[in-house]
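In: Got a sequence here, can you build the structure:
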Amino acid sequence: MRAVDVSIVTYDSDPALLRQLFASLAEPITPPIALTILIQDNSPRSDAIDSVRAELEGNAAFARVDIQRTGENLGFGRGHNANAARGKAPWFFVINPDCALEPGALAMLLETAERDAPETVAWEMRQIPYEHPKAYDPVTLETPWASGAATLFRRSAYDAVGGFDPAIFLYGEDVDLSWRLRARGGKLRYVPRAAVVHRTYVVKAEVKPRQAYGAVFAGLALRARYGSFMQVIQGFAMLAAEILAPQSFQGRTWGMLATGARALRRMPHFLGSRVRSTQSFRPVFNGWSYEQRRDGAFHEFRSRRGRPASDFPLASILVRTRERPAWLRQALATCAAQTYPNVEVVVVEDGSESARPVIEEFTGKLKLRYHPTGARVGRSRAGNIAIEQSRGEWLTFLDDDDVLFADHVEVLVEAAREAKTRGAYAFAWETLTKTIDAERAIYEETRCVPRHRRGFDRLGLWHQNYLPIQAVLFHRSLWERYGGFAEDMDQLEDWNLWTRYTIEDDFACVEKTTSKYRVPDDPREAAARQAKLDAAYASAVERQRQLQLTLSPREIALMAERFTSEPPMVHASRNAVRRIVNRSPLLARVASWRAPTRAWLRGRR
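Out: Reported below is the predicted structural model:
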């Protein structure tokens, strides 16, 4: 039988929350798993753990229960290390005492781990109601670090790096462990379909003094262990700014001073245990964070426990492709990772059947329908065929070179239904991409830009398309009423579609980043792409003139007010700047030094 050690560190934990955690762990799993419950209680008194001890030790769902008390607060990392020393299962599952697993989540987590290659050493669960906004890879689901709130570790890898560093008491110790694992060649995976309810915030964006101090200490410690000299200096400059900042809670200034003093005392430990970057691992410092973060940190997700199937109407992801199987494979991988439980994917290939082997790879992983057109029919006709072939109540497009974060469909369906609208959209990253091998879809993402972050506004939409095609989800009734793409359009056909679909219907805006669309990083490719869009702009505007809209004077006034309250949409875009530069031989020559200069700077961190 498969065996897992479950490690829990408690400190005056709420008995009711502990019972919820143990009840979720005790739910039947097929095939069964032998769970050993290891608890390190750091509470000053034993009241909380004693209140659940008897029922926990008498629970037949667990192979063994081992509870140890220290009488002092050892901290998060030392507590889990103590549990690890008493366990022997090949899998070591670290979970917070204020968590409860969603139905089937542990089985999915373990099945994923068992399928993965040996170099994958940790699997992080998705947290709800608030998912951490760090930017994992939507295709591979690799994550830069794994949260200690709910992560499964390969024990051999955990032991090889010595577990958590006891010098980091709380907050940031999971990043440090993740980076030491990655520095040894390990990979970390995010498992978004295996979720855990984590009641870490009483209210959204709650300010926690202990978390603020812990994040600053860990940030300084990690810069000392992994960063350059300048990054260490930058960390202490940031600390000075924190000390001088207005107090957001009582005692903040003195607390930051004490945190800085504690960090200085521990500097020899972290400087004396430095970890070098490798080809596969390079630390990222973004303020006190360790990655680029997506918008929507406090977007709230609902538990699926007890919800009927009718809460999840079918959603169709419509994919247009043309002889780019390697790119399609990546797009479909992001569809297969969707957390929404009722998704189908319709793939329409324009003019060939090169995608068929990729489609076969995903048989059994997706509800998938494939339609090759035979003769070339064009992008717009291919999109309309995809809608006609679909069965979903809710529809969303995904071009074969774009990708979705795992919560994309869930976020948009829930938002549209809650707002009682027939459409919704979320924020997206414009991802500048340097293509290395187009045939095998090997590329480097040079920059992710939150290009369009605008609430719904008809006047703004009539002026400029701020709705990337993959960012929008709409109800089938809009297609039934207004039709699909204009088939004589090969560019900006999505803008024309959105202006028709929103002529009378508002779309709900979700301020959360749920997708990425790729644009070329090469200036010439970008200029050629922009030239095609510019050429299509006049035709798209002319089609808008043919639309008729009936509004009251008050509705017009409200539209104008909303338009003027939004950030200005007139700006010098990156592509516009590139066109100007490319027209000047002198500026083009200067710009040609940009890539080698950036590579030189990266080589010197």
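
In: now Y517, what's its secondary structure?
Out: Following DSSP: H, G, I helix; E, B strand; the rest coil, Y517 is assigned to strand.

In: from memory it sits against L432, does it?
Out: No - taking contacts as Cβ atoms under 8 Å, Y517 lies outside contact range of L432: 10.7 Å. Where C-beta positions appear, they are placed from N, C-alpha and C, glycine not excepted.

In: How about the contacts made by V4?
Out: Counting by Cβ atoms under 8 Å, 6 or more residues apart in numbering, V4 touches 33-36, 89, 91-93, 106, 110, 152.

In: Can you pull the phi/psi pair for the spatially closest residue to it that is not a sequence neighbour?
Out: In space, V4 comes closest to W91 once its chain neighbours are excluded; the distance is 4.5 Å by Cβ to Cβ, 6 or more residues apart in numbering. With angles defined as degrees, to the nearest 10, W91 sits at phi -120, psi 130.

In: one step back: now a ChimeraX select for only the buried ones of the contacts of V4.
Out: Only the buried members of those enter the following ChimeraX selection, criterion being 16 or more other Cβ atoms under 10 Å:
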select :33,35,36,89,91,92,93,106,110,152
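
In: For the spatially most central residue of the chain, give me its contacts.
Out: Central residue of the chain (Cα atoms, centre = their mean): A135, 4.8 Å from the mean position. The contact partners of A135, by Cβ under 8 Å, 6+ apart, come to 144, 291-294, 448.

In: redo that, cut-off 10 Å
Out: 143-144, 284, 291-294, 405, 429, 448, 513, 516 (Cβ atoms under 10 Å, 6 or more residues apart in numbering).

In: among the residues you listed, which ones are buried?
Out: Buried among those (16+ other Cβ under 10 Å): 143-144, 291-292, 294, 405, 429, 448, 513, 516.

In: separation between G163 and Y11?
Out: As judged by Cβ to Cβ, to the nearest Å, G163 and Y11 stand 18 Å apart.

In: for the helix or strand A540 falls within, which positions count as buried?
Out: Element membership for A540 (DSSP states H and E) is helix 523-545. Within helix 523-545, the residues that count as buried by 16+ other Cβ under 10 Å are 523, 526-527, 530, 536, 540, 543.

In: just to revisit the earlier point, can you flag which of the contacts of V4 belong to strands?
Out: Using DSSP state E, the subset of those located in strands is 33-36, 91-93, 152.

In: rewinding a little: want to try JSON lines for the buried residues of helix 523-545, with pLDDT and distance to L461 as columns?
Out: Output for those, formatted as JSON lines (pLDDT from 0 to 100; distance: Cβ to Cβ, whole Å):
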{"residue": "P523", "pLDDT": "86", "distance to L461": "29"}
{"residue": "A526", "pLDDT": "84", "distance to L461": "24"}
{"residue": "A527", "pLDDT": "85", "distance to L461": "25"}
{"residue": "Q530", "pLDDT": "84", "distance to L461": "20"}
{"residue": "A536", "pLDDT": "85", "distance to L461": "16"}
{"residue": "A540", "pLDDT": "87", "distance to L461": "12"}
{"residue": "R543", "pLDDT": "86", "distance to L461": "14"}
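
In: Nearest to S7, out of those: which one, please.
Out: Relative to S7, the closest of those is A526; by Cβ to Cβ it sits at 49.4 Å.

In: Quick check: that closest one touching V519?
Out: Yes - using Cβ atoms under 10 Å, A526 makes contact with V519 at a distance of 6.5 Å.

In: any weak-confidence spans in the stretch 401-550 of the chain?
Out: Counting by pLDDT under 70, not a single residue of the stretch 401-550 of the chain qualifies.

In: Pull the contacting residues for the closest residue to I95 other than its chain neighbours.
Out: Closest residue to I95 apart from its sequence neighbours, by Cβ to Cβ, 6+ apart: A150 at 4.9 Å. Contact analysis of A150 by Cβ under 10 Å, 6+ apart lists 93-96, 99, 101, 105-106, 109, 123-127, 191, 194-198.

In: With S7 instead?
Out: 36-40, 79-84, 86-87, 92-95, 148, 153, 158, 163.

In: what's the average pLDDT for stretch 10-28?
Out: Mean pLDDT, computed over stretch 10-28, is 94.

In: Start the count at 635 instead of 1 going forward.
Out: All right, first residue 635 from here; so that's stretch 644-662.

In: CA atoms only: put that stretch into CSV for me.
Out: Taking Å, rounded to 0.1, in the frame of the first residue of the first chain, the C-alpha atoms of stretch 644-662 are listed here in CSV:
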residue,chain,number,x,y,z
THR,A,644,0.4,23.4,15.7
TYR,A,645,0.6,26.4,17.9
ASP,A,646,-2.6,27.1,19.9
SER,A,647,-4.5,25.9,16.9
ASP,A,648,-8.3,26.1,16.7
PRO,A,649,-9.7,22.6,17.6
ALA,A,650,-12.6,23.1,15.2
LEU,A,651,-10.2,23.7,12.3
LEU,A,652,-8.1,20.7,13.3
ARG,A,653,-11.2,18.5,13.2
GLN,A,654,-12.0,19.8,9.7
LEU,A,655,-8.4,18.9,8.5
PHE,A,656,-8.5,15.5,10.0
ALA,A,657,-12.0,14.8,8.6
SER,A,658,-10.8,15.7,5.1
LEU,A,659,-7.7,13.5,5.5
ALA,A,660,-9.8,10.6,6.7
GLU,A,661,-12.1,10.6,3.6
PRO,A,662,-11.9,7.3,1.7
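
In: Which stretches in the stretch 685-834 of the chain count as strands?
Out: 698-703, 725-729, 733-735, 754-762, 784-788, 821-832 (DSSP state E, counting those that start in this stretch).

In: Make CSV out of those and add mean pLDDT.
Out: Below are those laid out as CSV (pLDDT from 0 to 100):
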stretch, mean pLDDT
strand 698-703, 94
strand 725-729, 98
strand 733-735, 97
strand 754-762, 97
strand 784-788, 98
strand 821-832, 97
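
In: so can I have TSV of these showing distance to P991?
Out: TSV is the format used below for those (distance: least, Cβ to Cβ, whole Å):
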stretch	distance to P991
strand 698-703	47
strand 725-729	34
strand 733-735	37
strand 754-762	25
strand 784-788	32
strand 821-832	25
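
In: out of those, nearest to T1198?
Out: Of all the strands of the stretch 685-834 of the chain, strand 754-762 sits nearest to T1198, with 37.2 Å by Cβ to Cβ.

In: on contacts alone, who are the packing partners of the closest one?
Out: For strand 754-762, the elements it packs on are strand 725-729, strand 733-735, helix 739-749, strand 784-788, helix 789-794, helix 807-817, strand 821-832, judged by 3 or more Cβ pairs under 10 Å, 6 or more residues apart in numbering; DSSP states H and E.

In: how about a cut-off of 6 Å?
Out: Applying 3 or more Cβ pairs under 6 Å, 6 or more residues apart in numbering; DSSP states H and E, we find strand 754-762 packed against helix 739-749, strand 784-788, strand 821-832.

In: Would you mind saying which of those lies nearest S1014?
Out: strand 821-832 (32.4 Å).

In: helices and strands around that closest one, which ones?
Out: strand 733-735, helix 739-749, strand 754-762.

In: among the ones you listed, which is the most enclosed?
Out: strand 754-762 (a mean of 24; mean count of other Cβ atoms under 10 Å).
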